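Student: the following block contains a protein sequence and its predicted model.
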Amino acid sequence: MLIQKTHVDVQVNYAPNGAPIRIFIISPVIDGYPDAKFPGVVVFSEIYQVTGPVERFAGQIASHGYVVACPSSFHEFEGPEAIPYDAEGTDRGNQYKIEKELGAYDEDATVSINLLASLPSCNGRIAATGMCLGGHLVRSVSRAAFDPRVLSSVCFFATDIHSATLGRGKKDDTLVRVKRGDVKGEVMMIFGKQDTHVPRAGRDLIRSTLEDHNVVSSFIEVQAQHAFIRDESSKGRWDAALTRNLFGMMIGTL
């Protein structure tokens with residue numbers, strides 16, 4: 001299925017610099033059916049914002065018949081351009097990650113879902129996915145899944161859930177809210193067993209919290225490292241075959 005790309009700038013409350021959040025939209029195109037409607041998916045990125053790998057990942061989802069929204073996570077600090085996959089870019093993204101207010105992450109998710117739901121090409125069914133930082137922001141264990149409109153979410157190697165260290169003050173309430181019963185949709189969590197960002201004890205904590213609080217969930221652990229789905233600058237960790245197989249499982253869940 002063919003796709004087209006555009007973007008929308010949306011004003012938000014959590015913006016000390018007054019800058020809007022840029023949300024990139026990738027949509028299916030069917031010749032002869034201009035009024036066709038599709039389910040929506042929010043794709044949350046890594047700490048590098050919407051990079052080439054993230055855009056290609058989102059484009060593949062869109063080509064399967066979904067309207068995809070990719071928000072720029074760090075609009076409070078800089079423009080919507082991708083942050084480089086280098087040492088300086090990594091340091092910058094990691095610093096932004098813990099300087100951004102937790103409420104700002106939640107607002108970004110809400111405005112992204114609102115935008116999708118308002119599009120004439122969206123049928124109102126919303127799911128979410130993401131990787132690394134984005135895995136935390138999307139997970140049905142995560143922030144976006146606390147919105148009842150998110151019916152399912154798939155989270156790739158989600159960071160900082162087990163340690164509750166997302167956002168300013170490094171003290172998020174994600175697992176607390178899971179225990180409180182705030183997650184209503186289905187969630188799939190995917191981790192690599194060699195991921196140094198989320199050790200076994202951390203994965204066990206996430207899994208047990210989901211299961212103990214009756215979240216409809218699937219928990220997948222594979223022989224892979226962090227960022228194994230990233231087809232660029234993955235430091236030798238990209239596993240194309242594994243990514244393809246898990247992509248199929250994701251599409252079946254969204």
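Tutor: Okay, I see it. In this text the structure is predicted, and so the values were computed from the model without any measurement. Numbering: from 1, shown residues only.
Student: which helix or strand contains Gln4?
Tutor: Per DSSP states H and E: Gln4 is located in strand 2-10.
Student: ignore what I typed, I meant Gly93.
Tutor: helix 87-99.
Student: give me the buried positions along whichever helix or strand comes after that helix.
Tutor: Scanning forward in sequence from helix 87-99 by DSSP H and E, the next helix or strand is helix 102-118. Neighbour counts over helix 102-118 (16 or more other CB atoms under 10 Å) mark 102, 104-113, 115-116 as buried. All C-beta spots, glycine's among them, are computed from the backbone N, C-alpha and C.
Student: and what of stretch 238-254?
Tutor: Neighbour-count burial for stretch 238-254 [16+ other CB under 10 Å]: Trp238, Asp239, Leu242, Thr243, Leu246, Phe247, Met250, Ile251, Thr253, Leu254.
Student: out of those residues, who's nearest Asp35?
Tutor: Set against Asp35, the nearest of these by CB to CB is Leu254 (22.3 Å).
Student: residues contacting the closest one?
Tutor: Pro39, Val41, Ile61, Tyr66, Ala127, Thr129, Ser152, Val154 (CB atoms under 8 Å, 6 or more residues apart in numbering).
Student: ok, now which ones touch the closest residue to it other than its chain neighbours?
Tutor: Here the nearest residue to Leu254 in space, its sequence neighbours aside, is Ala127; by CB to CB, 6 or more residues apart in numbering that works out to 4.1 Å. Counting by CB under 8 Å, 6+ apart, Ala127 touches 39-42, 66, 150-154, 185, 253-254.
Student: out of the residues you listed, who's the most crowded?
Tutor: The most neighbours of any of those, using other CB atoms under 10 Å, belong to Ser153, which has 34 neighbours.
Student: Ala69 - how many residues pack around it?
Tutor: For Ala69, using other CB under 10 Å, the count is 29.
Student: wait, a strand at it?
Tutor: Yes - per DSSP: H, G, I helix; E, B strand; the rest coil, Ala69 lies within a strand segment.
Student: what separates it from Ile23, distance-wise?
Tutor: Using CB to CB, to the nearest Å, Ala69 is found at 5 Å from Ile23.
Student: identify the contacts common to those two.
Tutor: Ser112, Leu115.
Student: let me know the pLDDT of the residue of the chain most remote from its centre.
Tutor: What lies farthest from the middle of the chain is Gly32; by CA atoms, centre = their mean that is 31.9 Å. Gly32 carries a pLDDT value of 92.
Student: ok, Val54 to Ala104 distance?
Tutor: 20 Å.
Student: that should have said Ser163, apologies.
Tutor: Taking CB to CB, one finds Ser163 at 20 Å from Ala104.
Student: quick check, Gly89 in contact with Ile83.
Tutor: Yes - shown here, Gly89 and Ile83 form a contact pair, counting by CB atoms under 8 Å, at 4.4 Å.
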